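A.B. asks: pasted the sequence and its predicted model underneath.
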There are 2 protein chains.
Amino acid sequence: MTARLLERLAGSGVRWTADPSIVDSRRTDRSGWQPAGRPLAVVFPESVPEVRRTLRVADELRVPVVPRGAGTGLAGGAGAGAGSLVLDLTGMNRILDISPDDGLAVVQPGVITADLDRAAARYGLRYAPDPASVAISTVGGNIATNAGGLRCAKYGVTADAVLGLDVVLADGRLLHTGRRTVKGVAGYDLTRLFVGSEGTLGVVVGATVRLLPLPDATATVAASFASVADAAAGAAAVLAARIRPAMAELLDGPTLRAIDPARTDGALLLVQTDGAGAAAEASTVEDVLARHGATVAVTTDPAEAERLLAVRRAALPALERLGRPLIEDIAVPRGRLAEATSAVQAIGERTGVPVYVVAHAADGNLHPLLVVDPAADTIPAPAWRAAEEIFQLALRLGGTMTGEHGVGVLKRAWLRRELGGANHDLQRDLKNLFDPHGILNPGKAI
Amino acid sequence: MTARLLERLAGSGVRWTADPSIVDSRRTDRSGWQPAGRPLAVVFPESVPEVRRTLRVADELRVPVVPRGAGTGLAGGAGAGAGSLVLDLTGMNRILDISPDDGLAVVQPGVITADLDRAAARYGLRYAPDPASVAISTVGGNIATNAGGLRCAKYGVTADAVLGLDVVLADGRLLHTGRRTVKGVAGYDLTRLFVGSEGTLGVVVGATVRLLPLPDATATVAASFASVADAAAGAAAVLAARIRPAMAELLDGPTLRAIDPARTDGALLLVQTDGAGAAAEASTVEDVLARHGATVAVTTDPAEAERLLAVRRAALPALERLGRPLIEDIAVPRGRLAEATSAVQAIGERTGVPVYVVAHAADGNLHPLLVVDPAADTIPAPAWRAAEEIFQLALRLGGTMTGEHGVGVLKRAWLRRELGGANHDLQRDLKNLFDPHGILNPGKAI
């Protein structure tokens, strides 16, 4: 099989390598999951026809294909083990069109998300989805996982920014979905089906994405609370005051002390408003949070805002100094935020696993971080138990085990429980319809 | 077949009738399309189990089922002909839950859209999708067609408001999709697949929908232009000024004169901004439009705003006095609005069909209205020719033949041309997967 595949690749004109050091650099993502064995080769397509040729060969020879962008995923979706072929799309990294008139961009999948955002900024526009990995992840990878980020409550997730896709199917057929319009209801919404499918239904080789106006003004509120329950109540009160914050980040006390041991507050809530009403909205936010017992700082100065938000960015690096953080990703109905946060802390105490909580508070998306011994080869049993309890909590509260990171391999065992049997069966039928030989990222996502 | 079906229905405990006058009242929608023959019966389910029982019987006997809400569709999607069974869901019309804390509502499909919006308003919230039929159409029908409306450019279409669905599949299985959270990436997005599927993949029997804050303030700008090209350029300039209007409605000169023969302006653009920055944004809009040659009126007074917007609502009734309006529904990339509007007017002149244009200007969604002789039994050939040319125009500009009304039966002949063969084939495969016996609204949508 290996020999035949390599022979066909060599004859295909597509750039590829079986060099072990390069192959090893393309077999994992940032989840920490170690697939068994080494992939056969890595292909570096530079065009849509090259992706089509590669898939035709792989489908014919029944070789599993693992598409990947920058490998920043946190669920093992881009993990590639023995016998597989890695399809590295980072070489297809051109921005093909930015149309301020139409409010959109057309990009290849390997474009770095922040590069697209910067290119849009030259027209006073922005690409709204902003996962924490924005500086290093690709638009294609963001589409494959339906990446979220900090601005979702007001501006939506990656799916909300995707107007249309070019997709190569398992058998090499090229499909165009969607269009250059915001509205459109001709046919089933295949675009949305591919977004978040983690490379299991097709390979995204092009995307038409929406660009939104860069806001003229932003205002940032930093509110320090005695407890995380108070902060969660404060976040709920902001929403009850009918504010749609552009950002509402919550950090619990343990996280704050990991960043700065001198801190004594129980939680921090960072709220950003934007647009023509930014200052007025921030003033409302300030009033609401002060009434909820917070010590509040407000600024409309961008540099000062950066300083306030630096705490949020410092969280993960600070926890990485304490051990290996496993980043969970539950989402709960936003009214259950306080309950979820307290319950997650209790799970940490019960299992003896150090748990830190940061959350996108306006959409109920919590990232409990379980810090484990970095020297351990496998994830310790108490951490698995804590993760299992956290997933169960999310489902019990009417939420999901993954708000924005994806299922990958790490959450696959819990998926059927979340979806229910009828839904999961139908998802598998869909997978078989799109990929009858099961070559596209097998063992992932569903 | 008829006898067996009626016998099984009689034994099912579900309320139904074969009374010709009632059946006739449930066989068409507002498209004007007349299906051939009379359906066998109409079923009026009052619960999810009743829908399941009905579909199990229909699937077993291979009887086509046409689900319907209020029948306000404009593409023939709810048309039901000889041999079919109509599933009238208007009796399942309860709002089951409104949760301001979670920012959502749970409803049965037969709830009138405006009733949901009014119920949300008691909590300072709103259900954002607002098709023109909002006062008489159902949430379930809106979901089936992915209905749009006036607020889409800022607040999205129906699909953007749907968090989760309960769906009965063709064989009677009950499926739950989505969740009570804004974010969630576990599994493929089946929710979005059902939205806009026009009853061909399953029957929506429940929906969890997002509610958004009612804005504290709105401001309304009415701008009168010498020509429709000027008005379209004005709309583009508003977007270029990085305003996201809550509404931007364009009416061309012929439409204005159908409403009021004394008017002499060439086009009217109605722009509404909302939220804490409403007045500031409206002031920017005013400046931009005045610079584009418009005569502009601005108000922040709700009653005065209603008076300005009354013109938009008067358009369809005014055209109905002139004949039978066929409402087209193309969407083009928003930067092509001026080009599309002029081209539509030229098509009217070339074919001799009176064409009137109203448009949701901020998202490039045009409704050319072709006025034909109401006495004619069928649509006259020149009107068909004009419609065909309008669709071709939309595709040529990178748009779609239907922005928000759906494909139904009326646009089915053009669908493959718009989607392309590979996409259309895959859509048909999906349909077969979900509905192997083809009983769900056959001959519609795809």
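C.D. replies: Yes, it's here. Numbering: from 1, shown residues only, chains lettered A, B, ... in the order given.

A.B. asks: which residue lies nearest the spatial centre of chain A?
C.D. replies: A:A147 (3.1 Å; Cα atoms, centre = their mean).

A.B. asks: what helix or strand is it on?
C.D. replies: Taking DSSP states H and E as the criterion, A:A147 maps to no regular element, lying outside all helices and strands.

A.B. asks: now it, nearest residue through space, not along the chain?
C.D. replies: Take A:A147 and drop its neighbours on the chain: the residue closest to it by Cβ to Cβ, 6 or more residues apart in numbering or on different chains is A:P131, 4.1 Å away. Every C-beta, even on glycine, is put in place using the N, C-alpha and C of the backbone.

A.B. asks: touching, the one you found and A:E404? I think so.
C.D. replies: Yes. Applying Cβ atoms under 8 Å, one finds A:P131 in contact with A:E404, separated by 7.2 Å.

A.B. asks: distance of the residue nearest to A:G77 when sequence neighbours are not counted relative to A:H367?
C.D. replies: The shortest distance from A:G77 to any non-neighbouring residue, by Cβ to Cβ, 6+ apart, is to A:G408 (3.8 Å). Distance from A:G408 to A:H367, counting by Cβ to Cβ, to the nearest Å: 16 Å.

A.B. asks: repeat that for A:R4.
C.D. replies: When Cβ to Cβ is the yardstick, A:R4 and A:H367 sit 44 Å from each other.

A.B. asks: check A:V203 too.
C.D. replies: A:V203 sits at a distance of 29 Å from A:H367 (criterion: Cβ to Cβ).

A.B. asks: same check, this time on A:D274
C.D. replies: Counting by Cβ to Cβ, the separation of A:D274 from A:H367 is 23 Å.

A.B. asks: low-scoring stretches of chain A, by residue?
C.D. replies: Counting by pLDDT under 70, chain A contains low-confidence ranges at A:1.

A.B. asks: for the stretch 301-446 of chain A, which residue gets nearest to chain B?
C.D. replies: When scored by Cβ to the nearest Cβ, the stretch 301-446 of chain A has A:G335 as its residue closest to chain B, at 2.9 Å.

A.B. asks: near that residue, how many other residues are there?
C.D. replies: 21 (other Cβ atoms under 10 Å in any protein chain shown).

A.B. asks: same thing with A:R313?
C.D. replies: In terms of burial, A:R313 registers 13 neighbours under the definition other Cβ under 10 Å.

A.B. asks: for it, grab phi and psi.
C.D. replies: phi -70, psi -20 (degrees, to the nearest 10).

A.B. asks: same deal with A:G77?
C.D. replies: Note on A:G77: backbone dihedrals following degrees, to the nearest 10 are phi -60, psi -30.

A.B. asks: hang on, it packs against A:K411?
C.D. replies: No. In this structure, A:G77 is not within contact of A:K411 by Cβ under 8 Å, at 10.0 Å.

A.B. asks: looking at it, A:A290 is touching A:A297, isn't it?
C.D. replies: No. Using Cβ under 8 Å as the test, A:A290 is too far from A:A297 to be in contact (10.9 Å).

A.B. asks: identify the contacts common to these two.
C.D. replies: The contact sets of A:A290 and A:A297 overlap at A:A223 (Cβ atoms under 8 Å, 6 or more residues apart in numbering or on different chains).

A.B. asks: what bridges to A:V204?
C.D. replies: Under DSSP bridges, the beta-bridge partners of A:V204 are A:V167.

A.B. asks: what are the buried residues along stretch A:34-41?
C.D. replies: A:35, A:38-41 (16 or more other Cβ atoms under 10 Å in any protein chain shown).

A.B. asks: gap between that stretch and the chain center?
C.D. replies: Here the centre of mass of C-alpha atoms in stretch A:34-41, compared against the chain's by Cα atoms, centre = their mean, to the nearest Å, lies 24 Å away.

A.B. asks: next: stretch A:82-95.
C.D. replies: Here the centre of stretch A:82-95 is set off from its chain's centre by 19 Å, with Cα atoms, centre = their mean.

A.B. asks: what's the span of it, first residue to last?
C.D. replies: Terminal residues of stretch A:82-95 lie 34 Å apart, using Cα to Cα, to the nearest Å.

A.B. asks: list the buried residues of that stretch.
C.D. replies: Within stretch A:82-95, the residues that count as buried by 16+ other Cβ under 10 Å are A:83-93.

A.B. asks: what is the neighbour count of whatever residue of the stretch 51-200 of chain A ends up closest to chain B?
C.D. replies: Nearest to chain B, among the residues of the stretch 51-200 of chain A, is A:D101, at 2.9 Å (Cβ to the nearest Cβ). The local packing count at A:D101 equals 14, with neighbours defined by other Cβ under 10 Å.

A.B. asks: same thing with A:T378?
C.D. replies: Neighbours of A:T378 under the rule other Cβ under 10 Å: 9.

A.B. asks: now A:A229
C.D. replies: Once other Cβ under 10 Å is used to define contacts, A:A229 is seen to have 18 neighbours.

A.B. asks: try A:N432
C.D. replies: Residues contacting A:N432 under the criterion other Cβ under 10 Å number 12.

A.B. asks: and if you look at A:S21?
C.D. replies: A count of neighbours around A:S21, defined by other Cβ under 10 Å, yields 7.

A.B. asks: just say helix, strand or coil for it.
C.D. replies: For A:S21, the assignment made with DSSP: H, G, I helix; E, B strand; the rest coil gives helix.

A.B. asks: and A:R8, by the same measure?
C.D. replies: Under three-state DSSP, the three-state class of A:R8 is helix.
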